[in-house]
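Colleague: I need the structure of the sequence given here:
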Amino acid sequence: MAQASAGRRSPRSMARRRREGSGAGGSGGGDDLWQQSLCGFKSSISKSVFLSPTSLGFEFLLMLLFKLVMSSNSKPTRGRVSMMPIGTPRVPYRNAAEGTWQWVDLWNALYRERVIFIGQHIDEEYSNQILATMLYLDSIDDSKKLYLYINGPGGDLTPSMAIYDTMQSLKSPVGTHCVGYAYNLAGFLLAAGEKGYRFAMPLARIALQSPAGAARGQADDIRNEADELLRVRDYLFKELARKTGQPVEKIHMDLSRLKRFTSQEALEYGLIDRIARPARIKASAPRKDSTAGLG
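Modeller: Prediction:
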């Protein structure tokens, strides 16, 4: 029994012997060389790796070290493609003055080309952004045309009217393009473009109606709000009659309810000047060989 108990050692005594053995071999030997070989991988593996090879298994640690070395030194066979982050895409833009290329976000590149998009509900904040952009581009060069692309549901009355008044006050001509749909006050802004530069895509949808509003409070307050809304409605209808050439009475009658237009109907009504269609390829034009230049 004494020999059997002497042959079995407690876990505490075995751990003490491991600590003593690792401390004794710290000045030289296999453990010291092992610690030096793993010093460059402290950020990649856990602290348990730095124990004695006998604690975790020499073959396991050697295999782990081999995989880490191969993964850090291996080079990809093809160039790595950096994925574009989610959000506003960035596009290459050439600075004509300096002749250099730089990466800018998509909206910045369009602004530099004097292109402005209206693609959401027009509220005060969004209207101020559109106004500031138009005023800035007009101050840089008022001889070039601005391009206002519309694909939205319209918006609040006062912010939309602010955009309309700014369009009329700019020295730069403002061309309007409907690329999807222009409803309510967005359709009014489409018709407010420079004569001859109002376009719509073949499948674009346009809808107009009398401006609406809501009021609450005392009877006098509600009456004042109604009178103001009627005054704004008459102003918008007169401006729309001037832009389209239609009589004011006809516009009052047509827009008493929501009126929808196709691109052709909008052209006949005077809301736009042209339907943007792709240029047709002439049959006599030689087609470019798709295999040319492939060697």
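Colleague: Which strand or helix spans residue 147?
Modeller: Element membership for residue 147 (DSSP states H and E) is strand 146-152.
Colleague: what comes up buried for the following helix or strand past that strand?
Modeller: Moving toward the C-terminus from strand 146-152, the first helix or strand encountered (DSSP H and E) is helix 157-169. For helix 157-169, burial by neighbour count (16 or more other C-beta atoms under 10 Å) applies to 157, 159-164, 166-167. Quick note: C-beta positions are derived from backbone N, CA and C, even for glycine.
Colleague: Just give me the closest of those residues to residue 183.
Modeller: Relative to residue 183, the closest of the buried residues of helix 157-169 is residue 160; by C-beta to C-beta it sits at 11.5 Å.
Colleague: Residue 238 - nearest residue in space that isn't next to it in sequence?
Modeller: The shortest distance from residue 238 to any residue that is not its chain neighbour, by C-beta to C-beta, 6 or more residues apart in numbering, is 6.1 Å, and that residue is residue 248.
Colleague: no no, residue 112
Modeller: Take residue 112 and drop its neighbours on the chain: the residue closest to it by C-beta to C-beta, 6+ apart is residue 93, 6.6 Å away.
Colleague: Only alpha carbons, please: show the helix or strand harbouring that neighbour as CSV.
Modeller: In this structure, residue 93 is located in strand 90-95 according to DSSP H and E. C-alpha atoms of strand 90-95 as CSV (Å, rounded to 0.1, in the frame of the first residue of the first chain):
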residue,chain,number,x,y,z
ARG,A,90,-17.6,56.3,-54.2
VAL,A,91,-16.7,56.8,-57.8
PRO,A,92,-13.5,58.0,-59.5
TYR,A,93,-13.8,61.7,-60.6
ARG,A,94,-11.3,63.5,-62.8
ASN,A,95,-10.4,67.1,-61.8
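Colleague: looking at this, residue 199 is in a strand?
Modeller: Yes - counting by DSSP: H, G, I helix; E, B strand; the rest coil, residue 199 is located in a strand.
Colleague: Partner strands of whatever helix or strand residue 207 lives in, with direction?
Modeller: Mapping residue 207 onto the secondary structure by DSSP H and E places it in strand 205-208. The partner list of strand 205-208 in its sheet, established with DSSP bridges, is strand 174-183 (parallel), strand 259-261 (antiparallel).
Colleague: before we move on, back to that, if I pick the residue nearest to residue 112, what's in contact with it?
Modeller: 101-104, 108-109, 112 (C-beta atoms under 8 Å, 6 or more residues apart in numbering).
Colleague: Show me what the strand holding residue 207 is in contact with.
Modeller: By C-beta under 8 Å, 6+ apart, the list of residues contacting strand 205-208 reads 178, 180-184, 187-188, 190, 200, 240, 254-255, 258-263, 266, 271.
Colleague: what is the rounded mean pLDDT of it?
Modeller: Along strand 205-208, the predicted local confidence has a mean pLDDT of 96.
Colleague: try stretch 143-152
Modeller: 95.
Colleague: then that stretch to CSV, C-alphas only?
Modeller: Extracted as CSV, the C-alpha positions of stretch 143-152 are listed here (Å, rounded to 0.1, in the frame of the first residue of the first chain):
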residue,chain,number,x,y,z
SER,A,143,-23.7,80.4,-67.8
LYS,A,144,-24.0,76.6,-67.5
LYS,A,145,-27.2,74.8,-67.2
LEU,A,146,-28.4,73.0,-64.0
TYR,A,147,-30.0,69.5,-64.3
LEU,A,148,-32.8,68.7,-61.9
TYR,A,149,-33.7,65.0,-61.9
ILE,A,150,-37.0,64.2,-60.2
ASN,A,151,-38.1,60.8,-59.0
GLY,A,152,-40.3,61.4,-55.9
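Colleague: In the chain, where's the longest helix?
Modeller: Ranked by residue count under DSSP state H, the longest helix found in the chain is helix 219-244.
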